[in-house]
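In: Kindly return the folded structure for what I paste below:
(one chain, ligands or ions: 1)
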Amino acid sequence: MIEVSGLTKQYDSRTVVDDVSFVLEPGTVTGFLGPNGAGKSTTLRMMTGLVPATAGSTRIDGRPYDALANPAAVVGTLLDASAVHPGRTGRTHLRLMAATIGVPAARADEVLELVGLTPAAGRRIGGYSLGMRQRLGIAGALLADPPVLVFDEPANGLDPEGIRWMRDLLRGHAARGGTVLLSSHLLGEVESTVDRLLVIGTGRIVADGPVSDLLGSEGTAVHAADPAALTAALETAGFHVQHGADGALVVPGAEPGEVGVVAAAGGHVLTDLRPVRRGIEDLFFQLTA
Ligand SMILES: Nc1ncnc2c1ncn2[C@@H]1O[C@H](COP(=O)(O)OP(=O)(O)OP(=O)(O)O)[C@@H](O)[C@H]1O
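Out: Reported below is the predicted structural model:
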């Protein structure tokens, strides 16, 4: 479990992260969202000891990050995929990392295989594409098979196949009891990968909860063989009915079951019935505007 408590960062007199607290549970993938400059990277860097916090603390299984005997064995980080020596090969880079964190050198080839970089293992990193560097960064984070993964913008530079691969990797990690925190600008990708959302706006947490709660049902959209007759029946039953662009009737605040009951009572034929959800993009702009 990761407990972030009151994390605060000031640069000169400017507060860029302001009293941020949250708890991450094993078995979950949490998405960390926020506009440019909101404080995501600074928070992730404070959590992993790369930037000293002005105030507050991060405890991983009850201990501060810098009190962990071998932090890389507990938390795998991807915080700056470009911070690598361009003249080294991918394999050498990972073997050096493995030696530093006390992992057998043979593990380098295992993680290269895991991230799909085996064919490029003997090439200099300077010649890698952005997506290949990103995969190398992920390989480094996985070297010691840590239970916790903290990834800043892991989808950067990945192609659609790479994004799907990463989603499966992170979901698989959580399914095995791991804990994942990732920041991303790709809202659709976040929505399909994470269980939980943390949204930060100008240094403060503005939303924290399960995706299903934050993107909860906002109403029901229904298509009927006779829309006018169903509209009348719904209005008689006390619902307000809006007319959607595609011919759907939209009933704010109603569950699909409630609309179904009204339709069944009046013998109305429905051709489509579904909940209307607030999309992640709507949520993002509402919270961070
Ligand atoms: N070393 C630093 N010195 C001064 N200000 C900094 C420093 N690092 C970050 N900041 C400022 O802190 C704020 C938060 O930056 P941060 O990189 O954490 O945002 P972010 O949410 O990760 O943004 P992005 O989505 O653009 O990556 C920004 O206003 C940034 O200019």
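In: Quick check: bridge partners of His223?
Out: Judged by DSSP bridges, the bridge partners of His223 are Asp272.
In: just checking, it touches Gly244?
Out: No. Under the criterion of C-beta atoms under 8 Å, His223 is not in contact with Gly244, lying 9.1 Å apart. Any C-beta I mention is one placed from the backbone N, CA and C, and that applies to glycine too.
In: neighbour-wise, which of these two wins?
Out: Ranked by neighbour count (other C-beta atoms under 10 Å), His223 and Gly244 place His223 first, with 17 against 12.
In: Distance-wise, check the more buried one relative to the ligand.
Out: Here the criterion is C-beta to the nearest ligand atom, to the nearest Å. By it, His223 lies 40 Å from the ligand.
In: how deep is Val269 tucked in, by neighbour count?
Out: Val269: 11 neighbours (other C-beta under 10 Å).
In: Please verify my assumption that it contacts Ala224.
Out: Yes. Between Val269 and Ala224 a contact is recorded at 6.5 Å, counting by C-beta under 8 Å.
In: Tell me where this structure has helices.
Out: Here the chain has its helices, by DSSP state H, at 40-47, 71-74, 90-100, 106-114, 130-142, 160-175, 187-193, 211-214, 227-236, 256-266, 280-288.
In: Would you format the ones you listed as JSON lines with distance to the ligand and mean neighbour count included?
Out: Output for those, formatted as JSON lines (distance: least, C-beta to the nearest ligand atom, whole Å; neighbours: other C-beta atoms under 10 Å):
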{"stretch": "helix 40-47", "distance to the ligand": "3", "mean neighbour count": "24"}
{"stretch": "helix 71-74", "distance to the ligand": "21", "mean neighbour count": "18"}
{"stretch": "helix 90-100", "distance to the ligand": "24", "mean neighbour count": "19"}
{"stretch": "helix 106-114", "distance to the ligand": "26", "mean neighbour count": "17"}
{"stretch": "helix 130-142", "distance to the ligand": "15", "mean neighbour count": "22"}
{"stretch": "helix 160-175", "distance to the ligand": "18", "mean neighbour count": "16"}
{"stretch": "helix 187-193", "distance to the ligand": "13", "mean neighbour count": "18"}
{"stretch": "helix 211-214", "distance to the ligand": "19", "mean neighbour count": "14"}
{"stretch": "helix 227-236", "distance to the ligand": "43", "mean neighbour count": "16"}
{"stretch": "helix 256-266", "distance to the ligand": "37", "mean neighbour count": "16"}
{"stretch": "helix 280-288", "distance to the ligand": "10", "mean neighbour count": "16"}
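In: what does the model give Pro146 for pLDDT?
Out: In this prediction, Pro146 carries a pLDDT score of 95.
In: which residues does the residue lying closest to it once chain neighbours are set aside form a beta bridge with?
Out: With C-beta to C-beta, 6 or more residues apart in numbering as the criterion, Pro146 has its nearest non-adjacent residue at 4.2 Å, and that residue is Gly76. Note on Gly76: beta-bridge partners by DSSP bridges are Leu149.
In: Test my guess that Gly76 contacts Ala139.
Out: No. Applying C-beta under 8 Å, one finds Gly76 not in contact with Ala139, separated by 9.9 Å.
In: Now do the shared contacts for those two.
Out: By C-beta atoms under 8 Å, 6 or more residues apart in numbering, Gly76 and Ala139 have no common neighbours.
In: Report how many residues lie close to Ala55.
Out: For Ala55, using other C-beta under 10 Å, the count is 14.
In: For it, which non-adjacent residue is spatially closest?
Out: Thr8 (4.1 Å).
In: what about that neighbour, distance to Ala139?
Out: Distance check for Thr8 against Ala139: by C-beta to C-beta, to the nearest Å, it reads 33 Å.
In: Would you enumerate the residues in contact with Glu235?
Out: So Glu235 contacts Val241 (C-beta under 8 Å, 6+ apart).
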